[in-house]
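[1] What shape does this take:
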Amino acid sequence: MTFGRKLALLVVVVAILSAMVGYIFATHGVMSGLSWVFCFVLFGFTVWGARRLYLEVANKYYWYEQMLDSLPTPLSVTDLEMNWTFINKPVEQLFDEPKKEFVGKQCHHWGAAICQTEKCGVWRLRKGETETFFSQFDREFRVDTHYLYSLSGEPVGHVEVCTDITAILGIEKAYDDLKHAQRTLVESEKMASLGSLVAGVAHEVNTPIGVSMTSSTFIQSQLAEFKQGLTSGAMTQQHIEELLDDVEKGVELIQSNLKRSVELITSFKQVAVTQASDEHCRFNLEEHLHQVLSTHEQKLKQKQVIVEAQCIPEFEIDSYPEAFAQIYSNLILNSLIHGFEAANAPHEISICLSKAERVLVIDYKDNGLGIEAALLAKIFDPFVTTKRGQGGCGLGTHIIYNLVTHKLHGTIQCHSEPGNGCHFHIEIPLDSGSSFKDRITVLDKLKIDTRVSYE
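    Numbers count the residues shown, from 1 in each chain. Below you'll find the predicted structure:
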């Protein structure tokens with residue numbers, strides 16, 4: 001029975017009671033005129049109060065109905081027998097039928113066949129689950145279902161809120177496709193970088209090996225000439241001395257070029273940053289830095305370099321000391337080989353180690369010649385050098401980049417202008433060891449590997 005019918009019944013009951021009271025008073029002669037007036041006033045007041053109460057409740061119901069109709073998602077209410085008691089406008093639009101065709105009917109009416117299956121929100125609610133998914137009308141939906149309770153705490157029905165997730169699923173699919181395309185591009189970039197590296201190594205190693213091959217061929221021809229001279233008896237003391245001198249020079253040439261090849265191959269192996277002997281341990285940053293500087297003391301003196309090192313006293317970290325040593329060494333050698341010329345002595349190098357929250361910051365600066373903009377853009381690429389043929393193979397900064405980004409999980413930037421020196425800014429997480437792998441970053445969430453490895 002609706003609220004309006006209940007109020008109408010109450011008014012009828014009050015009218016009957018008023019008539020009975022008036023009749024009783026009239027038959028007993030007790031203030032018969034006034035009794036009827038009192039009954040009519042009571043009945044009128046009851047009708048006025050009932051009408052006012054009805055309008056107040058009806059207005060609030062209308063307000064709530066408008067609020068629910070303004071929701072962008074379909075919402076429906078059913079009683080415990082699964083009969084619809086309310087639906088909002090989005091439900092009408094979904095089924096293309098007016099509200100009056102739903103109220104009072106079973107929820108599986110109008111083709112909602114899932115209401116008789118395990119995908120039904122109420123069916124799953126009674127099993128303790130509030131969320132379900134289903135497909136209908138060529139769309140995908142998520143339904144959240146909850147009980148409705150009376151003031152006494154007894155369940156009186158269910159409310160279901162249906163969300164159209166078709167667009168969301170489409171976005172997720174597009175996102176998955178994007179991730180797949182990104183992984184493909186990363187793999188392509190890895191192969192391109194590896195191909196560039198291998199081609200560079202082949203080019204660099206080809207020269208010393210070619211020279212060694214030429215020298216060995218020359219020595220072989222000299223030995224054949226010596227053998228022929230001995231057989232014919234035409235070999236003189238002067239010929240023997242000249243031949244031995246040529247052979248000695250050829251051997252020296254072979255040794256120097258093979259040594260150069262070994263150095264190139266060693267640098268190539270360092271690019272992979274997979275040194276088995278480099279163990280993770282706790283060490284003092286300040287002591288470690290000064291130890292590395294002491295190994296380059298002679299070279300720094302030869303170039304008249306003044307080194308200023310700043311570090312937090314007694315600061316210890318858990319990381320890879322050998323990786324740090326290689327970074328310092330390659331930065332120093334980069335300044336010595338490329339940055340410093342005799343004309344602008346004295347030379348200066350500044351190494352500052354500081355801490356910012358959970359990040360170790362390394363600022364390496366020199367007052368050398370600086371780097372041209374065209375070269376700066378590819379400073380971390382393999383085999384990029386301005387000293388080819390003068391001891392530079394172009395792997396120094398590339399090794400630094402791999403150590404910082406792969407081994408230590410950090411970042412590195414290079415800032416420089418011609419004539420204004422060079423500045424390398426490095427940031428390394430202080431938990432870059434085993435605990436770093438447990439941290440969740442944006443790239444970890446996306447599961448995108450943008451690192452390039454040459455292993």
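[2] how far away is residue 53 from residue 414?
    From residue 53 across to residue 414, the span is 80 Å (CB to CB, to the nearest Å). For every residue, glycine as well, the C-beta is placed using N, CA and C.
[3] Show me which of the two is the more surrounded one.
    When residue 53 and residue 414 are compared for neighbours, residue 414 comes out ahead with 18 against 13, by other CB atoms under 10 Å.
[4] so who does that one touch?
    Neighbouring residues of residue 414 by CB atoms under 8 Å, 6 or more residues apart in numbering: 371, 376, 379, 380, 397, 422, 423, 424, 425.
[5] Check residue 80 too.
    By CB under 8 Å, 6+ apart, the contact list for residue 80 reads 155, 156, 157, 158.
[6] wouldn't the first one be in contact with residue 126 here?
    So the one you mean is residue 155. No. In this structure residue 155 lies outside contact range of residue 126 using CB atoms under 8 Å: 10.2 Å.
[7] related to what we said a few turns ago, for the contacts of residue 80, work out which two are farthest apart.
    The most widely separated members of the contacts of residue 80, counting by CB to CB, are 156 and 158 (9.2 Å).
[8] Confirm for me that residue 352 is in contact with residue 310.
    Yes. If you go by CB under 8 Å, residue 352 and residue 310 touch, sitting 4.5 Å apart.
[9] Extract the CA atoms of stretch 363-375 and return them as CSV.
    Extracted C-alpha coordinates of stretch 363-375, given in CSV (Å, rounded to 0.1, in the frame of the first residue of the first chain):
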residue,chain,number,x,y,z
ASP,A,363,78.4,16.8,-9.0
TYR,A,364,81.5,16.5,-11.1
LYS,A,365,82.9,19.7,-12.7
ASP,A,366,86.0,20.7,-14.5
ASN,A,367,87.2,24.0,-16.1
GLY,A,368,88.3,22.4,-19.3
LEU,A,369,87.5,23.2,-22.9
GLY,A,370,83.8,22.2,-22.7
ILE,A,371,81.8,20.3,-25.3
GLU,A,372,80.2,21.4,-28.5
ALA,A,373,76.4,21.3,-28.6
ALA,A,374,76.4,18.7,-31.5
LEU,A,375,78.6,16.4,-29.5
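[10] quick one: average confidence on it?
    What stretch 363-375 shows for mean pLDDT is 88.
[11] got it, and stretch 73-88?
    Stretch 73-88 shows a mean pLDDT of 84.
[12] What of stretch 282-292?
    Averaging pLDDT along stretch 282-292 gives 89.
[13] still on that earlier bit, list just the nearest of the contacts of residue 414 to residue 229.
    Nearest to residue 229 among those: residue 397, at 53.3 Å, using CB to CB.
[14] With residue 406 as the reference, measure out to that closest one.
    Residue 397 is 14 Å from residue 406, by CB to CB.
[15] ok, the two, which is more surrounded?
    Between residue 397 and residue 406, residue 397 has the larger neighbour count (other CB under 10 Å), namely 22 against 18.
[16] Quick check: which element contains the more buried one?
    helix 396-402 (DSSP states H and E).
[17] Counting neighbours, which bits of the helix or strand following that helix end up buried?
    With elements assigned by DSSP H and E, the helix or strand that comes after helix 396-402 is strand 411-416. Buried residues in strand 411-416, counted by 16 or more other CB atoms under 10 Å: 412, 414, 416.
[18] shouldn't the first one be in contact with residue 428?
    No. Applying CB under 8 Å as the test, residue 412 and residue 428 come out as separate, 9.1 Å apart.
[19] which residues do these two both contact?
    Common neighbours of residue 412 and residue 428, counting by CB under 8 Å, 6+ apart, are residue 404.
[20] one step back: okay, residue 156 and residue 158: which has more neighbours?
    Using other CB under 10 Å as the criterion, residue 156 and residue 158 rank with residue 158 on top: 21 against 14.
[21] List the contacts of the more buried one.
    Counted by CB under 8 Å, 6+ apart, residue 158 has contacts 77, 78, 79, 80, 121, 122, 125, 145, 146, 147, 148.
[22] is it possible to export those residues to a markdown table including distance to residue 303 and secondary structure?
    Output for those, formatted as a markdown table (distance: CB to CB, whole Å; DSSP: H, G, I helix; E, B strand; the rest coil):
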| residue | distance to residue 303 | secondary structure |
| --- | --- | --- |
| 77 | 84 | strand |
| 78 | 86 | strand |
| 79 | 90 | strand |
| 80 | 90 | coil |
| 121 | 78 | helix |
| 122 | 83 | helix |
| 125 | 79 | helix |
| 145 | 77 | strand |
| 146 | 77 | strand |
| 147 | 81 | strand |
| 148 | 84 | strand |
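[23] filter the residues you listed to the buried ones?
    Among the contacts of residue 158, those classed as buried by 16+ other CB under 10 Å are 77, 78, 121, 122, 125, 145.
[24] what residues are up against the last one?
    In this case it means residue 145. By CB under 8 Å, 6+ apart, the contact set of residue 145 is 121, 122, 124, 125, 130, 131, 132, 158, 159, 160, 161.
[25] And the nearest residue to the fourth one once chain neighbours are set aside, how far from residue 86?
    Of all residues beyond its chain neighbours, the one nearest residue 125 is residue 145 (4.5 Å), with distances taken as CB to CB, 6 or more residues apart in numbering. Between residue 145 and residue 86 the computed distance is 15 Å (CB to CB).
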